[in-house]
Structure formats: C-alpha cells, structure tokens
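Student: What shape does this take:
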Amino acid sequence: MRKNIAAGNWKMNLTLPQAQALASEVVHMTQDEYQGDAQVIFAPPFPYLAQVLHLVKGHARFSVAAQNLHQEASGAYTGEVSAEMLVSMGVTHCILGHSERRQYFGENNDLLAKKLDRCLAAGLTPIFCIGETLAEREAGNTLNINRVQLEEGAFHLDAEAFSRVILAYEPVWAIGTGKTATPEQAQEVHAFIRSLIAGRYGEALAGEISILYGGSVKADNAVSLFGQPDIDGGLVGGASLKSREFTEIIKALP
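Tutor: Next up is the predicted model:
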C-alpha cells in the first residue's frame with residue numbers, strides 16, 4: 001500500500017538555530033494537530049543533519065533525508081558526501097535528481113542512475129525527482145521528458161530495488177515561481193508516470209509506489225493536489241521553511 005508523504009526540502013537555507021526551531025515546531029504541532037498516518041521527511045542542509053536527527057528521535061512518523069550524495073562509496077572527492085556516511089548518522093532518505101541539481105550542477109540521467117544505485121546499495125530510500133521545464137511543456141514534450149528521465153535514470157533497476165524508490169514529479173516551471181500545476185495537470189502526469197511503471201514492472205508494483213508532487217505546494221492548494229488519485233503527497237520547498245505552513249500541508253494528507 002502506498003504511503004502518504006510530506007517531505008520538506010530546505011535547500012540552502014536557515015541557520016542552525018533556525019533549523020532546530022523549525023524541526024521542533026513542526027514535530028510538536030503535528031503531534032498535537034494531525035491524526036493521520038502520513039510520513040514526514042525533513043531534508044536539511046548537510047551541516048544540520050545530526051541536529052535534526054536528534055530532534056526527531058523517538059517520533060516514528062518523522063524521518064530525515066539528505067539533499068544529495070556522491071555516486072562513489074568513498075575516495076578523494078573533496079567536499080562530497082557518501083551514502084555510507086549518511087547511513088552511519090542515521091539518515092534514511094536522500095533526494096536525487098532535483099531540477100536544481102540537473103540545471104546548476106549538470107547532473108544527467110546517466111549520473112543519476114549511478115547515484116540511485118549507490119543510494120539503494122547503502123540502504124537509503126531515494127526520493128527520485130523528474131520534471132519538465134516551461135519550454136519543454138510549451139513545446140508539448142511534458143510526457144516524453146518525464147518518460148526519458150524515468151527510463152534512463154531508474155528503469156535499469158530490478159523490481160525489488162525499484163519498489164524501494166519514492167518518486168517526485170516536479171515541473172521545473174512551478175518550482176519557486178509561485179506557479180503551480182493545476183490538480184488536473186499534476187494528476188495527468190502522475191497517472192502517466194504510474195502507467196510507465198506498470199508497463200515496466202506490472203500493475204501491482206505500480207500501485208505501491210508513492211509519487212509526490214513538487215512545485216509551489218502551499219497550505220491553500222495542498223488539499224486539492226493531494227486529493228488526486230495518483231498524488232501521494234508533496235516534496236515541498238519554500239513552504240516547508242515555515243512551521244505553520246508546513247504543518248497545514250501535512251494536515252492536508254489523509
């Protein structure tokens with residue numbers, strides 16, 4: 001059965017005291033106000049992982065993700081972080097393939113396939129992102145772009161490995177722009193992604209994969225987005241930096 005998930009990607013934001021306050025506030029507000037069974041994931045910057053892990057310890061619904069990892073297990077890669085390092089800290093998830101990594105750091109499908117392999121081999125749960133740019137959408141290439149990113153980045157996995165992946169559809173034109181795909185637009189792509197999974201791995205596995213929507217998710221649109229049949233939650237950017245806003249997004253999940 002698919003999990004409902006609210007994942008907050010903090011990106012390169014917050015000081016340590018701000019990060020600690022944010023995590024603590026969301027944990028306590030969610031405990032007091034939310035009765036559902038959704039999973040909540042914080043993805044803080046690397047320097048804050050240990051502190052956020054400490055704050056969520058003992059709170060079963062909360063997990064911590066890294067925002068990236070290196071494709072090698074170890075070595076002379078100054079400034080990089082390995083999957084094994086993350087696991088040794090207690091991190092359980094890792095975001096891979098975010099549009100900002102693709103756009104600003106040149107991460108292509110081949111590299112992301114290697115990162116995905118390393119992530120899974122270490123026992124981490126990947127949150128694997130795909131999505132089209134505005135130019136690609138306006139050219140009518142939305143479905144094809146998402147198909148290629150999924151096939152080249154993740155469809156080399158066998159069924160057991162793929163079953164451990166969380167997917168996130170993030171239309172690049174809606175990230176940090178204030179624009180949001182309509183629930184119907186998002187649902188169309190989510191349903192298409194699920195159909196691709198069914199074609200590769202079968203209907204049963206396709207029905208078990210959580211597919212998150214990312215792209216200016218806010219408290220005032222979360223209910224309509226999460227109410228779509230193939231949207232299982234959100235990978236939230238800016239709104240996850242505000243404790244009340246993110247808690248309201250969590251509360252929009254079943």
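Student: Tally up the residues packed near the residue lying closest to His70 once chain neighbours are set aside, please.
Tutor: Distance criterion CB to CB, 6 or more residues apart in numbering; nearest residue to His70, sequence neighbours excluded, is Glu80 at 4.1 Å. In this view, the C-beta of every residue, glycine as well, is placed from N, C-alpha and C. Neighbour count of Glu80, defined by other CB atoms under 10 Å: 14.
Student: Quick check: the gap between Glu80 and Ile127.
Tutor: According to CB to CB, to the nearest Å, Glu80 and Ile127 sit 19 Å apart.
Student: can you give me phi and psi for the residue nearest to His70?
Tutor: phi -100, psi 170 (degrees, to the nearest 10).
Student: right, and it touches Gln71 too?
Tutor: No. With contact defined as CB atoms under 8 Å, Glu80 does not count as touching Gln71 (9.2 Å).
Student: just checking, Gly97 touches Lys114?
Tutor: No. Using CB under 8 Å, Gly97 makes no contact with Lys114, being 11.6 Å away.
Student: who has more neighbours, the two?
Tutor: Using other CB under 10 Å as the criterion, Gly97 and Lys114 rank with Gly97 on top: 28 against 13.
Student: Find the nearest non-adjacent residue to that one, please.
Tutor: Using CB to CB, 6+ apart, the nearest residue to Gly97 is Cys129, at 4.3 Å.
Student: Which pLDDT value goes with that neighbour?
Tutor: Per-residue pLDDT puts Cys129 at 98.
Student: neighbours around it, how many?
Tutor: For Cys129, the number of neighbouring residues by other CB under 10 Å comes to 27.
Student: how close does it sit to Gly227?
Tutor: Per CB to CB, Cys129 is found 22 Å from Gly227.
Student: Equivalent analysis for Ala135, please.
Tutor: Separation of Ala135 from Gly227 (CB to CB): 30 Å.
Student: what does Ala38 give?
Tutor: 14 Å.
Student: just Gln51 next, same as before
Tutor: 35 Å.
Student: If you count surrounding residues, which of those two has more?
Tutor: Per other CB under 10 Å, whichever of Gln51 and Gly227 has more neighbours is Gln51, with 15 against 12.
Student: Ser99 contacts Gly176, correct?
Tutor: No. Using CB under 8 Å, Ser99 is not in contact with Gly176; the gap is 9.8 Å.
Student: Comparing those two, which shows the higher neighbour count?
Tutor: Between Ser99 and Gly176, counted using other CB under 10 Å, the more crowded position is Ser99 (21 against 13).
Student: how far away is the nearest residue to that one once chain neighbours are set aside from Gly233?
Tutor: Spatial nearest neighbour of Ser99, chain neighbours left out: Val172 (4.5 Å); criterion: CB to CB, 6+ apart. Relative to Gly233, Val172 is positioned 19 Å away (CB to CB).
Student: Can you show me the helices along the stretch 51-200 of the chain?
Tutor: Assigned helices in the stretch 51-200 of the chain, in chain order: 83-89, 99-105, 109-121, 134-138, 142-154, 159-162, 183-201 (criterion: DSSP state H, counting those that start in this stretch).
Student: Run through who's touching the worst-scoring helix or strand of the chain on mean pLDDT.
Tutor: None of the helices or strands of the chain scores lower by mean pLDDT, DSSP states H and E than helix 134-138, at a mean of 88. The contact list for helix 134-138 (CB atoms under 8 Å, 6 or more residues apart in numbering) reads Thr142, Ile145, Pro171, Val172, Trp173.
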